[in-house]
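Student: pasting the sequence and the predicted model now:
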Amino acid sequence: MNDLLPRLPFADWIDTGVDWLVTHFGTVFDGISAFLKGIVEGAVDVMALVPSIVLALLFALLAWFISTRRIAIFTLVGLLFIDYLGYWYSMLQMLSLVITSVAIALVIGIPLGIWGSQNSTVKKIINPVLDLMQTMPAFVYLLPAIFFFDIGVVPGVVASVIFSMPPTIRLTMLGIEQVPKDLIEATEAFGSTSWQRLTKVQIPLAKQTIMAGVNQSIMLSLSMVVIASMVGAPGLGEEVYRAVTQLKTGIGVETGVSIVIVAIILDRITQHAGKKKQGGTLT
Amino acid sequence: MDDQIKKIEVSNTTKIFGKHSKRAAQLLAEGKTKSDILKMTGATVGVKDASFNVYDGEIFVIMGLSGSGKSTLVRMLNRLIEPTIGKILIDGENIVGMNKEQLRDVRRKKIGMVFQNFALFPHKTIQENTEYGLEIQGITKSERQEKARESLRLVGLSGYEEQYPSQLSGGMQQRVGLARALANDPDVLLMDEAFSALDPLIRKDMQDELLQLHHDMGKTIIFITHDLDEALRIGDRIALMKDGDIVQIGTPEEILMNPSNKYVERFVEDVDLSKVLTAGHIMKKADSVQVDRGARVALRLMKRLNISSIYIVDKGNQLLGAVTAQDAVQASETGKSLEDVLLKDVPTISKDTVLTDLFDVVSTTTIPVAVINEQKHLEGIIIRGALIGALAGDGQFINSSERTVETVKTEEIEVKDNE
């Protein structure tokens, strides 16, 4: 094979491409980097101002408001337990990273998903890209992310966004496409515009599925925190990474459990957010 | 029928599904069959060269088995499905040529639609569902709320406004579907198998209510069904479809009595005529005498018409009773008035009575049964022979259409001239 076909230097091309981008758009990337860094670290600073017990109570109240009392109690106990273990600040750093990543993933992902659901060409382009985003080993895009955004929390955010966005896009498309055909027909028959059909029927009915996607995005984003810590993102992931490299099993389990607690809290709260206030169900 | 206003005119409309529809259309024009075209091009012919008119205010039923193209046909009327070829005029405007905005306007104002599986929005309340068509037109909240409430009242669902569709039974859900379509006050109502998902008793109630609403509001209704009994029950005219073709269009009686081909014949052979035909179909012109004309005139008329009894009406043509020839003879001999010998307790029925409910009355009376309307005006009479003849399927005993039966004129003028 190698004798018959000349080996094309793909790797060189990509390296050149990355170099070219860094040289020519360096200031743009620096700007994005500074912006993201500001948001993540600003959020940590604000949350750190509040005493841990007060913040834990606030989170518990939020959980109570959105979901059930049981989850609120779990939130309070779980967060205080993390504080007791001494990982409060790390937890805040992680939370800030996760929330920022998910927010970006949603802001890009939901409109993309809606667009894909309305336009089959867009969908045909999006789908393979999503496959790529989900299966490409994270380290592969962490490397160029470091070139673009330097070491620290920002490449961590970028990696999390890339990895966690696909479920939101996919489930948004799925949710909208699953709206029964006869309902779409009804909206058409009454003379709805595409926008009316989308906003009055399709999106409200897809809400639950979209929220399932949001939930999955949060979970995937959480699963990226350890990898993000390898490029310098601070937080619980960093603690896990350090414990593993220093062979400290006990600390590894403590920090790991802390991540799980945060994961459960976020999961339960978002699951309920999707179900609540849905008057009727599809019959 | 020709003097009626054409609400919808469909001419030579064809729908072909799949790729190569142009080539398939060409093959169709060359006279190839549906299965040939499927084999040659892979395209499916949904509706083949359909042409018909729907008149203002009638209930036009499109009936056929599944796959016959009836749902496709009705969806072409509001272009939920684009016709491949053809012209569809609504109030003289060709909707096939319309752009998006014009079409949207027609859908918003002229055509309402009711769906087989109700197609209610599960996340909206009954009230919000009913308001939908008005909401998307940008009508103010208070106005649309009022219209929706009125529409719900019409279908008997007042008090359910704040419920969600899943909380309602199937029959009630379809009432919401109907209310939603009526709220826009469209001229034309498309009903796609609207009652097919309901159980038989509820279905019958809904048919009755639809007929009542139609009577009150006078909308043009195009009703799709696969159920022949339903078609015969509610249709002013019926178009029967098979494999994308309209095989016959006619009034229920025409379809039953003169099936245009073997297919229609087989379709209708099991129909219980006694439940379809009504007194109006078999009644004959009634001869009557005004009461103040006297016994002699009555007797004379009976003799001339060779009948043994005659109905007596007052000046306003209201039915008073009947007189037999025997009594008339007696009255004229003794100089009594007609009123003295009048049989007041005569059997009467309305025009809408189905034959199956006539047997009892007809079998227990010696004189023909009088058909009267709400004002007690004599509309016609039923004689035993016609009843039996009609049940035997003999077309000569059946009036071509309910509406062509003329109001019966008494022959008093003629009799007066003779005197």
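Tutor: Received it, and whenever you're ready, just let me know what you need. This one's a predicted model, so the numbers in the text were calculated from it and none came from an experiment.
Student: neighbours around residue A:176, how many?
Tutor: By the measure other C-beta atoms under 10 Å in any protein chain shown, the count of residues near residue A:176 is 22. To be clear about C-beta, it is placed using only N, CA and C from the backbone, and glycine gets the same treatment.
Student: kindly report the same for residue A:135.
Tutor: 8.
Student: how about the helices of the stretch 1-150 of chain A, start to end?
Tutor: Remark: helices assigned in the stretch 1-150 of chain A by DSSP state H, counting those that start in this stretch are A:10-49, A:52-66, A:69-85, A:88-118, A:120-135, A:138-149.
Student: in terms of mean pLDDT, which of those helices ranks lowest?
Tutor: Within the helices of the stretch 1-150 of chain A, confidence is poorest for helix A:138-149, with a mean of 84 (mean pLDDT).
Student: the host helix or strand of residue B:274: what's the following helix or strand?
Tutor: Using DSSP states H and E, residue B:274 falls within helix B:273-276. Per DSSP H and E, the first helix or strand lying C-terminal to helix B:273-276 is helix B:279-282.
Student: and the helices of the stretch 1-150 of chain A: which comes nearest residue B:219?
Tutor: helix A:88-118 (34.1 Å; C-beta to C-beta).
Student: that closest one vs chain B: in contact?
Tutor: No - legend: contact between helix A:88-118 and chain B by C-beta under 8 Å from any C-beta of the partner chain is lacking; minimum distance shown is 15.3 Å.
Student: elements contacting that helix?
Tutor: Counting contacts by 3 or more C-beta pairs under 8 Å, 6 or more residues apart in numbering or on different chains; DSSP states H and E, helix A:88-118 is packed against helix A:10-49, helix A:69-85, helix A:120-135, helix A:153-177, helix A:203-223, helix A:225-230, helix A:236-245, helix A:249-275.
Student: picking that back up, just say which of the helices of the stretch 1-150 of chain A is most tucked in.
Tutor: helix A:88-118 (a mean of 22; mean count of other C-beta atoms under 10 Å in any protein chain shown).
Student: now do that helix: distance to the chain's middle.
Tutor: 4 Å (C-alpha atoms, centre = their mean, to the nearest Å).
Student: show me the helices in the stretch 101-250 of chain B, by range?
Tutor: Under DSSP H, counting those that start in this stretch, the stretch 101-250 of chain B gives helices at B:126-135, B:141-154, B:170-183, B:200-217, B:228-234.
Student: can you lay out those as TSV showing mean pLDDT, mean neighbour count and distance to residue B:261?
Tutor: Compiled in TSV, those are given as follows (pLDDT from 0 to 100; neighbours: other C-beta atoms under 10 Å in any protein chain shown; distance: least, C-beta to C-beta, whole Å):
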stretch	mean pLDDT	mean neighbour count	distance to residue B:261
helix B:126-135	93	25	40
helix B:141-154	92	17	40
helix B:170-183	91	24	34
helix B:200-217	89	15	28
helix B:228-234	87	21	16
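Student: so which of those helices comes closest to chain A?
Tutor: helix B:126-135 (4.2 Å; C-beta to the nearest C-beta).
Student: who's in contact with residue A:18?
Tutor: A:144, A:147 (C-beta atoms under 8 Å, 6 or more residues apart in numbering or on different chains).
Student: domains of chain B?
Tutor: Domain assignment for chain B by automatic domain parsing gives B:6-110+B:186-271, B:279-418.
Student: figure out how far the shortest one is from the centre of its chain.
Tutor: A distance of 27 Å separates the C-alpha centroid of domain B:279-418 from that of its chain, computed with C-alpha atoms, centre = their mean.
Student: what does stretch A:80-91 give?
Tutor: 22 Å.
Student: start and end of that stretch, how far apart?
Tutor: One end of stretch A:80-91 sits 11 Å from the other (C-alpha to C-alpha, to the nearest Å).
Student: cool, and stretch B:361-371?
Tutor: Stretch B:361-371 has an end-to-end distance of 12 Å (C-alpha to C-alpha).
Student: same deal with stretch B:160-171?
Tutor: 13 Å.
Student: residues from the stretch 51-200 of chain A in reach of chain B?
Tutor: A:180, A:182-183, A:185-193, A:196, A:200.
Student: Throw these into JSON lines and include neighbour count and distance to residue B:262, thanks.
Tutor: Shown next, in JSON lines, are these (neighbours: other C-beta atoms under 10 Å in any protein chain shown; distance: C-beta to C-beta, whole Å):
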{"residue": "A:180", "neighbour count": "14", "distance to residue B:262": "39"}
{"residue": "A:182", "neighbour count": "16", "distance to residue B:262": "35"}
{"residue": "A:183", "neighbour count": "21", "distance to residue B:262": "41"}
{"residue": "A:185", "neighbour count": "18", "distance to residue B:262": "35"}
{"residue": "A:186", "neighbour count": "27", "distance to residue B:262": "38"}
{"residue": "A:187", "neighbour count": "24", "distance to residue B:262": "42"}
{"residue": "A:188", "neighbour count": "19", "distance to residue B:262": "39"}
{"residue": "A:189", "neighbour count": "25", "distance to residue B:262": "36"}
{"residue": "A:190", "neighbour count": "27", "distance to residue B:262": "41"}
{"residue": "A:191", "neighbour count": "22", "distance to residue B:262": "42"}
{"residue": "A:192", "neighbour count": "24", "distance to residue B:262": "45"}
{"residue": "A:193", "neighbour count": "14", "distance to residue B:262": "48"}
{"residue": "A:196", "neighbour count": "19", "distance to residue B:262": "49"}
{"residue": "A:200", "neighbour count": "20", "distance to residue B:262": "49"}
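Student: just the domains of chain B: most buried one?
Tutor: domain B:6-110+B:186-271 (a mean of 18).
Student: what distance separates the start and the end of that one?
Tutor: From its first residue to its last, domain B:6-110+B:186-271 covers 30 Å (C-alpha to C-alpha).
Student: pick out the residue nearest the middle of chain A.
Tutor: Nearest to the mean C-alpha position of chain A, counting by C-alpha atoms, centre = their mean, stands residue A:102 at 3.2 Å.
Student: check contacts around that residue.
Tutor: Residue A:102 neighbours (C-beta under 8 Å, 6+ apart): A:160, A:164, A:214, A:217-218, A:221.
Student: now with 7 Å, please.
Tutor: By C-beta atoms under 7 Å, 6 or more residues apart in numbering or on different chains, the contact set of residue A:102 is A:164, A:217-218, A:221.
Student: farthest pair within those?
Tutor: Of all pairs drawn from the contacts of residue A:102, the one with the longest distance (C-beta to C-beta) is A:164 and A:218, at 7.4 Å.
Student: quick one: which of the two has more around it?
Tutor: Neighbour totals were compared for residue A:164 and residue A:218, and residue A:164 leads with 28 against 25 (other C-beta under 10 Å).
Student: just checking, that one touches residue A:103?
Tutor: No - using C-beta atoms under 7 Å, residue A:164 is not in contact with residue A:103; the gap is 10.7 Å.
Student: distance check, residue B:268 against residue B:248.
Tutor: Separation of residue B:268 from residue B:248 (C-beta to C-beta, to the nearest Å): 10 Å.
Student: what's the separation between the residue of the stretch 1-150 of chain A found nearest chain B and residue A:93?
Tutor: Closest to chain B within the stretch 1-150 of chain A is residue A:118: 15.3 Å, counting by C-beta to the nearest C-beta. Look at residue A:118 and residue A:93: by C-beta to C-beta, they are 39 Å apart.
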